[in-house]
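Participant: sequence plus the predicted model coming up.
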Amino acid sequence: MLTESAPAKVNLYLHVTGRRADGYHLLDSLAVFGPAADALALAPAEDLSLALEGPFGESLAAEPDNLVLRAARALATAAGVPARAAITLTKRLPVASGIGGGSADAAAALRGLDRLWGLGLPESRLAVIAAPLGADIPVCIASRPARMQGVGEVLSAAPALPPCGLLLVNPGVALATPAVFRARTGGFTPPAELPAFWPDAAAMARGLAETRNDLEPPAIALCPVIAEVLAALRALPGCLLARMSGSGATCFALFPDAAMARAGAGMLPGAWWCEAGGLYDRAP
Ligand SMILES: C[C@](O)(CO)[C@H](O)COP(=O)(O)OP(=O)(O)OC[C@H]1O[C@@H](n2ccc(N)nc2=O)[C@H](O)[C@@H]1O
Ligand SMILES: Nc1ncnc2c1ncn2[C@@H]1O[C@H](COP(=O)(O)OP(=O)(O)OP(=O)(O)O)[C@@H](O)[C@H]1O
């Protein structure tokens, strides 16, 4: 049996830079990973199956076509092999919450099945196979900090990031990505100007303060509790920056280190989903 971690994607900023003729939006975003993750276990089998476990497993039980199964079928078709595996998904990331949980699961399934089926495909090939299934899946294949452009599929190097702490908070409200894009008003934002590196977490927060998440205002309009989450994060000791990730409703706060992020988590309302720690970096 093989295991794969499916870490949460966090958009440190997200500029909507334009719109394609098909309605998809052009983005400029800096994606990082952690500190929470789903987990996949993959075993050889005669056919393809998916078992759901974990605190958010039940909320996906009625989903007719989980992204994990769609990714498995897409890989089998592209590689010309039968789609055979028994997959168990332990769902710890809230669903439809702006941290790309479904995309992370699909990406982890592709990495795991590539190993299980002995395909040895490069990450770049897996990203191409995955792209039609979701704009966030290509960046989740590598699960390493990256700048996302195009509709999410144009990936380039992120600035070298300093050690820092990250706290993720979700108030328990699901937000559908298309609804948030539809609720957006106003024009477009130019791409950010990024340095080659940030020397420490405070400099990173100052740099990120020059950027924004263009989906935050429409998400707050649809789901006003997000403003309460942001205010609570900004009041935590050591919080350097607080912002929404992706299309929400999950928000993140940046801290000088993981210990301060964990201490902050303990001060928030118990009803909110919170995870704290450092940035995740998948071993090469
Ligand atoms: C907002 C982000 O989370 C930022 O990382 C992603 O761009 C969204 O990624 P995702 O959830 O994998 O998105 P998809 O499943 O591909 O798209 C869901 C819907 O969001 C809208 N969408 C998504 C990505 C994009 N670049 N432009 C869009 O307008 C479209 O209405 C699309 O039908
Ligand atoms: N394995 C999965 N995990 C989560 N959602 C899934 C999965 N498979 C299918 N879905 C569907 O995908 C939708 C989006 O879920 P997801 O958790 O990826 O959203 P998100 O965190 O807002 O993503 P993003 O940040 O990429 O916009 C869910 O509402 C659900 O219907």
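Facilitator: Happy to help now that I have it. Ligands and ions are numbered 1, 2, ... in the order given.

Participant: number of residues surrounding Phe188?
Facilitator: Neighbour count for Phe188, taken as other CB atoms under 10 Å: 14. To be clear about C-beta, it is placed using only N, CA and C from the backbone, and glycine gets the same treatment.

Participant: could you do the one 10 residues further on as well?
Facilitator: Other residues near Trp198 number 19, with proximity taken as other CB under 10 Å.

Participant: how about it: what's its closest non-neighbour residue?
Facilitator: Met204 (3.9 Å; CB to CB, 6 or more residues apart in numbering).

Participant: swap in Arg262?
Facilitator: Nearest residue to Arg262 in three dimensions, chain neighbours excluded: Ala276, at 4.4 Å (CB to CB, 6+ apart).

Participant: what score does the one you found have for pLDDT?
Facilitator: Per-residue pLDDT puts Ala276 at 98.

Participant: re the thing from before, on the three-state scheme, the residue nearest to Trp198 is what?
Facilitator: helix (DSSP: H, G, I helix; E, B strand; the rest coil).

Participant: mind listing what it touches?
Facilitator: Residues in contact with Met204 (CB atoms under 8 Å, 6 or more residues apart in numbering) are 161-162, 164, 198, 240, 254.

Participant: just the buried ones from those residues?
Facilitator: By the neighbour-count criterion of 16 or more other CB atoms under 10 Å, the contacts of Met204 include these buried positions: 161, 164, 198, 240, 254.

Participant: okay, and which of the residues you listed map to strands?
Facilitator: Among the buried ones among the contacts of Met204, DSSP state E puts Leu254 in strands.

Participant: hmm, back to that, any chance of the contacts of Met204 in TSV with distance to ligand 1 as columns?
Facilitator: Converted to TSV, these look like this (distance: CB to the nearest ligand atom, whole Å):
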residue	distance to ligand 1
Leu161	17
Pro162	22
Cys164	20
Trp198	21
Leu240	22
Leu254	17
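
Participant: for the residue of the stretch 51-200 of the chain found nearest ligand 2, which non-adjacent residue is spatially closest?
Facilitator: Here the residue of the stretch 51-200 of the chain nearest ligand 2 is Gly102; by CB to the nearest ligand atom that distance is 2.8 Å. Spatially, and ignoring its direct neighbours in sequence, Gly102 is nearest to Leu67 (4.4 Å; CB to CB, 6+ apart).

Participant: then Thr211?
Facilitator: Tyr13 (3.5 Å).

Participant: what about that neighbour, which helix or strand?
Facilitator: If you go by DSSP states H and E, Tyr13 is part of strand 2-19.

Participant: now for that strand, which elements pack on it?
Facilitator: With contacts taken as 3 or more CB pairs under 8 Å, 6 or more residues apart in numbering; DSSP states H and E, strand 2-19 sits against strand 25-43, helix 101-116, helix 137-142, strand 165-170, strand 251-255.

Participant: where along the stretch 51-200 of the chain do the strands fall?
Facilitator: Remark: strands assigned in the stretch 51-200 of the chain by DSSP state E, counting those that start in this stretch are 85-90, 146-149, 154-157, 165-170.

Participant: wait, which of those strands is closest to Asp281?
Facilitator: Among those, the nearest to Asp281 by CB to CB is strand 146-149 (11.5 Å).

Participant: residues contacting the closest one, please?
Facilitator: In contact with strand 146-149 (CB under 8 Å, 6+ apart) are residues 17, 26-31, 138-139, 154-158, 191, 194.

Participant: now swap in stretch 109-128 and tell me
Facilitator: 2-4, 40, 42-44, 67-68, 71-72, 75-76, 79, 81, 85, 87, 107, 129-130, 137-138, 141-142, 153, 155.
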